[in-house]
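Q: predicted structure and sequence below. I'll ask about it afterward.
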Number of protein chains: 2
Amino acid sequence: MKTLEKDLETRLAEDHHQAIRLWLRMLTCTNLITGKIRRRLRQAFRTTLPRFDLLAQLERHPEGLRMGELSRRMMVTTGNVTGITDQLEAEGLVRREVDPNDRRSYIVKLTPEGRRAFGEMARVHEGWVIEFFEGLSPEEKETLYALLGKLKRHLNSKEVQ
Amino acid sequence: MKTLEKDLETRLAEDHHQAIRLWLRMLTCTNLITGKIRRRLRQAFRTTLPRFDLLAQLERHPEGLRMGELSRRMMVTTGNVTGITDQLEAEGLVRREVDPNDRRSYIVKLTPEGRRAFGEMARVHEGWVIEFFEGLSPEEKETLYALLGKLKRHLNSKEVQ
């Protein structure tokens, strides 16, 4: 009985470690990739990841997004969305319009110039992402994609708040 | 020839999509987890992820860390390390000491009270991480860990700057 308890304890400690090690490694990979993207965006386009991220969200929503939606959709930053929008508007890459569904608020859209500038960056950015994942074979990438899909479903389930 | 070219093009487009889809899914999982940790740290300990992250780095380095090292080691934020250190010092959780190797600069260390407070949070945090990854079997966790290890080696290789 004593031995069984000890084994269980050891196994629990191992499971324990397994999840923590996995999480820290996932975080490390994500940080390595975002770090490289940040540096390359600065070098190639003299821009920042929050600016790129904001344009990417608008590109996916041609109907425009309200400021709150835009903040929630940002993938890599919890930065100052209003400040970034002001900058991009001054540079002619985005514009604010009165929201047709709520005349007291605004929606943000890409301008044609913003769409062109983002399109150029997005093409180059996609090449970088392909390069980052080239260390894995197509089959390994599929396996990783499937495992992350399973993880994502669990995270979005009611069991995990 | 025309057909072959087309096939190649299709395959390239697919590889292309595979890497981008994979990266967005990895980022989504990381964001889902850090979002949950942020909310739970606030609810359970009235603290923030940058504060937790800073204490975690100091806990791993009992000899103390210089401010620059501390900034570089932070896993989840590029926040205001000096401001957070000031706060934690005022609360008695960390202290600054003159760096024995360079008397013009400081190193930051946990106080015994900081070590105790962090230990309590870390135990609870580990339970959360175990819960987040419970959607995967131990074998799936091992596979995910190994694939991320291969990705990390590629990202740290000379091929990827």
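A: Perfect, I can see it now.
Q: so the nearest residue to residue A:81 once chain neighbours are set aside, which of the three states?
A: Excluding the flanking residues, the one nearest residue A:81 by C-beta to C-beta, 6 or more residues apart in numbering or on different chains is residue A:71, at 4.7 Å. Backbone N, C-alpha and C define where each C-beta goes, glycine included. For residue A:71, the assignment made with DSSP: H, G, I helix; E, B strand; the rest coil gives helix.
Q: next, count neighbours for residue A:71.
A: When neighbours are defined as other C-beta atoms under 10 Å in any protein chain shown, residue A:71 has 17 of them.
Q: now the one 4 residues further on
A: Using other C-beta under 10 Å, residue A:75 is surrounded by 17 other residues.
Q: just want the phi and psi numbers for it.
A: The phi and psi values for residue A:75, taken as degrees, to the nearest 10, are phi -90, psi -30.
Q: wait, it sits on residue B:24?
A: Yes. Between residue A:75 and residue B:24 there is a contact under C-beta atoms under 8 Å: 7.3 Å.
Q: could you point out which element follows the lowest-mean-pLDDT helix or strand in chain A?
A: In chain A, the helix or strand scored least confidently by mean pLDDT, DSSP states H and E is helix A:2-45, which has a mean of 82. Later in the chain than helix A:2-45, the nearest helix or strand by DSSP states H and E is helix A:49-59.
Q: in CSV, list the C-alpha atoms belonging to that following helix.
A: Provided in CSV are the C-alpha atoms of helix A:49-59 (Å, rounded to 0.1, in the frame of the first residue of the first chain):
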residue,chain,number,x,y,z
LEU,A,49,4.0,44.1,-34.5
PRO,A,50,1.0,45.9,-32.9
ARG,A,51,0.6,48.0,-36.0
PHE,A,52,0.9,44.9,-38.2
ASP,A,53,-1.5,43.1,-36.0
LEU,A,54,-4.1,45.9,-36.2
LEU,A,55,-3.9,46.1,-40.0
ALA,A,56,-4.2,42.3,-40.2
GLN,A,57,-7.5,42.3,-38.2
LEU,A,58,-8.9,45.1,-40.4
GLU,A,59,-7.9,43.2,-43.5
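Q: and residue A:93, what is it in contact with?
A: A:55, A:110-111, A:113-114, A:117-118 (C-beta atoms under 8 Å, 6 or more residues apart in numbering or on different chains).
Q: just the buried ones from these, in PyMOL syntax?
A: Burial among the contacts of residue A:93 is assessed by 16 or more other C-beta atoms under 10 Å in any protein chain shown; the matching PyMOL selection reads:
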select buried, chain A and resi 55+110+111+114+117+118
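Q: keep only those of the contacts of residue A:93 that are in helices.
A: Among those, DSSP state H puts A:55, A:113-114, A:117-118 in helices.
Q: please identify which pair of these lies farthest apart.
A: A:55 and A:113 (11.2 Å; C-beta to C-beta).
Q: with adjacent residues omitted, what lies nearest to residue A:156?
A: Closest residue in space to residue A:156, ignoring its immediate chain neighbours: residue B:32 at 7.1 Å, by C-beta to C-beta, 6+ apart.
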